[in-house]
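K.L.:
let's see this in three dimensions:
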Amino acid sequence: CKPHLPPSRAPSWISVSMPNSPRKKWLLLTLLCFAGAMVYTFPFLRYSYYDTMKEALGVTHTQMGLMQSVNGIAATFGYIPGGWLADRYSPRKLLATSLIVTGLSGFYFSTFPSFVGGLFLYGFWGISTLIIFWAPFIKATRNLGPDEEQGRLFGLLEGGRGVFGFLISMFTLFVFREMGEGPVGLMWVINITAVVTIAAGITVWMMFDDTVQDGGSEPILRNFKAALKTPQVWIIGLIIFCGYGLFASQSYITPYMTGVMGAVVSYGVLMGILRTYGIQAIGAPVSGFIADKIGGATIVIGSAFVIAALCVVLLLAVPAEAKYLTTVSNVMVVLAFCVFALRGNFYATFAESKIPVHTMGTAVGVACFLGYLPEGFTYPMIGYWLDKYPGLPGYQITFVYMLGLSVVGIVAAGLLRRVNRSGIRKGLLKHG
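P.N.:
Model (predicted):
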């Protein structure tokens, strides 16, 4: 039977019941998709508006990377306490707070502060969008259905985030183009996003039930120690590390197309939105349903890493000339599909590994501590390569790095499947 804490030691806050009707379940999942799309718009706006942001803020490639790395460092060291918060406090409180304060910060962002101000903003977003938001976001989704539905739930979550993100981004792209495709247009994009993000926070506050009660610290400490001893948690962390490293690195395909291959800025923005949101809306849910059908998220994850490796090889092989822009765009789409297939199945591996629901927040925090380390170093590292080796050479180094991540990811996925199939159940499972 599924491990659980004995009733005498299980505080009421760990037992969050699943929605009592399909309608409520899908309504809450849709709301989580909307919230998950909006809260990360600011930290990752550079994925679509890299060149314009760089111009508006007056910074170099390296400084752009450093700002993003501050976000990653703040988040990386906050995932474990974030998991503790998710296992202790109501998702309603944490998610709504995250969305509202993140939206308010957008009004300052729209003034295009100095490099120091940018560092402050990205550090703040590391707290508001990751430490406060991520673990309760994952745990709330996990609680929407049983183990056999986890692939589709997380796939639909990632895909739904893509749908909402795509719709908002296409609207803001229209505004951006109408305002001249420059800093003024970007200012409008940021302010519109700020308003919608605040609205998402208010909606979460209104729609979610605030039934979770604060619990004692003893179960948290026990769950944390158990998570550290669970091999699957660390392997999942390595898989997330490789997958997120690919996700972060692929954002540089946009400036590669505009800065090296000669694409116009609006084309780069459009492809960035398609990669970040459009493919997300398709790739994640499709891969989630496939994972449920074939009985294993790790199979999908391993396959996605293999295809991603082939895509990166093509990026290295195709000449960086304007006539090959369509080819590179198509490769980017396939690579993005693989990346979102990975993201759509990251957290389904917790259920596949039989990690109990009541320890989900803590286990996610530990895995994400390792998994999102690339957030702290990928952007300044690639920014340094692009500044030191301008043009094509810098991007070739970046693609080689992406190939290495794909290979390690293939190995990690195979290892997780082997560990799960061998019946190794330590750490968290011993404490059920």
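K.L.:
just for the stretch 201-350 of the chain, where's the confidence low?
P.N.:
210-220, 223, 295 (pLDDT under 70).
K.L.:
change it to 50
P.N.:
212-218 (pLDDT under 50).
K.L.:
can you pull out the strands in the stretch 51-200 of the chain?
P.N.:
Secondary structure of the stretch 51-200 of the chain (DSSP state E, counting those that start in this stretch): no strands located.
K.L.:
name the nearest residue to Glu178, ignoring sequence neighbours.
P.N.:
Using Cβ to Cβ, 6 or more residues apart in numbering and skipping the chain neighbours, the partner closest in space to Glu178 is Gly185 (7.4 Å). C-betas here are computed from N, CA, C, even on glycine.
K.L.:
got the contact list for the one you found?
P.N.:
Applying Cβ atoms under 8 Å, 6 or more residues apart in numbering to Gly185 gives the contacts Thr52, Val175, Phe176, Arg177, Glu178, Met179.
K.L.:
counting neighbours, which of these comes out on top?
P.N.:
Phe176 (25 neighbours; other Cβ atoms under 10 Å).
K.L.:
the stretch 301-432 of the chain: helices as residue ranges?
P.N.:
With DSSP state H, counting those that start in this stretch as the criterion, the stretch 301-432 of the chain has helices at 325-345, 348-352, 360-371, 374-388, 392-422.
K.L.:
just send those back as JSON lines, with distance to Ala56 too.
P.N.:
Putting those into JSON lines (distance: least, Cβ to Cβ, whole Å) gives the following:
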{"stretch": "helix 325-345", "distance to Ala56": "25"}
{"stretch": "helix 348-352", "distance to Ala56": "39"}
{"stretch": "helix 360-371", "distance to Ala56": "31"}
{"stretch": "helix 374-388", "distance to Ala56": "17"}
{"stretch": "helix 392-422", "distance to Ala56": "22"}
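K.L.:
just say which of the ones you listed is most tucked in.
P.N.:
Across those, averaging neighbours per residue (mean count of other Cβ atoms under 10 Å) puts helix 360-371 on top, at a mean of 27.
K.L.:
report the distance from that helix to the chain centre.
P.N.:
13 Å (Cα atoms, centre = their mean, to the nearest Å).
K.L.:
and that helix, what does it pack onto?
P.N.:
Here helix 360-371 touches helix 79-86, helix 134-142, helix 218-228, helix 231-250, helix 348-352, going by 3 or more Cβ pairs under 8 Å, 6 or more residues apart in numbering; DSSP states H and E.
K.L.:
closest to Cys338 out of these?
P.N.:
The closest of the helices and strands packed on helix 360-371 to Cys338 is helix 231-250. By Cβ to Cβ, the value is 7.8 Å.
K.L.:
then the closest one to PDB, C-alphas only?
P.N.:
The C-alpha trace of helix 231-250 is given here as PDB (Å, rounded to 0.1, in the frame of the first residue of the first chain):
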ATOM      1  CA  PRO A 231      18.400   8.100  -4.300                       C
ATOM      2  CA  GLN A 232      15.500   8.900  -6.700                       C
ATOM      3  CA  VAL A 233      15.300  12.500  -5.400                       C
ATOM      4  CA  TRP A 234      18.900  13.100  -6.400                       C
ATOM      5  CA  ILE A 235      18.500  11.400  -9.800                       C
ATOM      6  CA  ILE A 236      15.400  13.400 -10.500                       C
ATOM      7  CA  GLY A 237      17.400  16.500  -9.600                       C
ATOM      8  CA  LEU A 238      20.100  15.600 -12.100                       C
ATOM      9  CA  ILE A 239      17.400  15.100 -14.800                       C
ATOM     10  CA  ILE A 240      15.900  18.500 -14.000                       C
ATOM     11  CA  PHE A 241      19.500  20.000 -14.100                       C
ATOM     12  CA  CYS A 242      20.000  18.700 -17.600                       C
ATOM     13  CA  GLY A 243      16.500  19.600 -18.800                       C
ATOM     14  CA  TYR A 244      16.600  23.100 -17.400                       C
ATOM     15  CA  GLY A 245      20.100  23.600 -18.700                       C
ATOM     16  CA  LEU A 246      18.700  22.900 -22.200                       C
ATOM     17  CA  PHE A 247      15.700  25.200 -21.600                       C
ATOM     18  CA  ALA A 248      17.900  28.100 -20.500                       C
ATOM     19  CA  SER A 249      20.500  27.500 -23.300                       C
ATOM     20  CA  GLN A 250      17.900  27.300 -26.100                       C
END
